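Enquirer: This is a predicted model, with the sequence first.
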Amino acid sequence: MTTPPLLVAQRLHLRHPQAERDAVRDVSLAVHAGEIVALVGPNGSGKSTLLAGLARELAPRSGRLWFAGAPADTIPRRRFARRVARLPQEPAAPEGMTVEALVANGRHPHVGPLAPLSPADRAAIRAALQALDLVDLRARKVETLSGGERRRAWLAMVLAQEPELLLLDEPTAALDLRHQWEVLEILARLNRERGLTLVVSLHDLGQAAGLAHRLAILHRGRLYAAGPPERCLSEETLRDVFAVDARVVKEDGAVTVRVRGPADPVRSL
């Protein structure tokens, strides 16, 4: 792409408080506006940590983060939060909170302390409820929703934030196949219709390949490879990174991964 990236991570090293070693090491990644990038890798590879770093929720031990051409740490937190939203894997809402109240939380970066919601805030909340097909559920308590409905409610909250960049940690986790498909369809539609830029960590390689324009494959805290799914996903990569023997089928622009079993330890050396 010829346009400057929206987000640039330069040689990030990230370490959790009280940890003895970096969870993310020397990772450089550029994300362009309107792009979907999927972070994939085994458990413990650094996907969630990297998302926290990109959201400025975890300060880098070294390296630099840039957003819209400016060093991210020079952008006031409130202004940054208006443009970048992150949804963790297992968010929690106070008991008794309604869907509409949850979605309204997405307006916090736009509303001053103790200030009432403006007409623009209320319009953003209505638009988010409509986009996620939650209008009829707006008065329901979050804890009474199904897993798929609850995930849609959280997505509506970050959508009401009206960010340019959305960082999602395992948005299909703990959902059945139908609801996984629904969430992925929603993300693809938001990207297609609104131009929303997405960085999404996903466990399922097939889902990642089907959703994303590019993959960023993490292995032991480092960036193993980045690029289009059809270029990044190979049988060698699956052996090296995921320790599985698999067949990668590339047909009509789609990539399918068929796992045969654990990789042969001798071949993996």
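Expert: Thanks, I have it.

Enquirer: Just the element for residue 18, please.
Expert: Under the criterion DSSP states H and E, no helix or strand holds residue 18.

Enquirer: ok, now residue 255?
Expert: Counting by DSSP H and E, residue 255 is found in strand 254-262.

Enquirer: Run me through the strand neighbours of that strand, direction for each.
Expert: Next to strand 254-262 in the sheet, as set by DSSP bridges, lie strand 244-251 (antiparallel).

Enquirer: Can you give me the end-to-end span of stretch 102-119?
Expert: 18 Å (Cα to Cα, to the nearest Å).

Enquirer: And it, how far out from the chain middle?
Expert: Centroid separation for stretch 102-119 versus its chain: 23 Å, with Cα atoms, centre = their mean, to the nearest Å.

Enquirer: Could you tell me the end-to-end distance of stretch 78-90?
Expert: With Cα to Cα as the measure, stretch 78-90 spans 23 Å from end to end.

Enquirer: go on, stretch 95-113?
Expert: Rule used - Cα to Cα; the end-to-end distance of stretch 95-113 is 23 Å.

Enquirer: What average pLDDT does the longest helix along the chain get?
Expert: When the chain is parsed with DSSP state H, its longest helix is helix 177-194. The pLDDT scores in helix 177-194 average 93.

Enquirer: Stretch 258-268 too?
Expert: Averaged across stretch 258-268, pLDDT comes to 74.

Enquirer: As a check, name the ranges of all strands in the chain.
Expert: For the chain, the strands defined by DSSP state E cover 7-14, 24-31, 36-40, 62-67, 70-71, 84-87, 165-169, 197-201, 214-219, 222-227, 244-251, 254-262.

Enquirer: Switch the ones you listed over to CSV; also include distance to residue 56 and mean neighbour count.
Expert: From N, CA and C alone the C-beta is placed, and that goes for glycine too. Below are the strands of the chain laid out as CSV (distance: least, Cβ to Cβ, whole Å; neighbours: other Cβ atoms under 10 Å):
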stretch, distance to residue 56, mean neighbour count
strand 7-14, 11, 20
strand 24-31, 14, 20
strand 36-40, 17, 26
strand 62-67, 7, 17
strand 70-71, 11, 11
strand 84-87, 8, 22
strand 165-169, 10, 23
strand 197-201, 13, 24
strand 214-219, 18, 24
strand 222-227, 19, 17
strand 244-251, 34, 14
strand 254-262, 32, 13
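
Enquirer: Save those strands as TSV, and put in distance to residue 78 too.
Expert: As requested, the strands of the chain are exported to TSV (distance: least, Cβ to Cβ, whole Å):
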stretch	distance to residue 78
strand 7-14	18
strand 24-31	22
strand 36-40	25
strand 62-67	14
strand 70-71	15
strand 84-87	12
strand 165-169	16
strand 197-201	20
strand 214-219	28
strand 222-227	30
strand 244-251	44
strand 254-262	40
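
Enquirer: Indicate which one of these is closest to residue 121.
Expert: Nearest of those to residue 121, taken as Cβ to Cβ: strand 84-87 at 15.2 Å.
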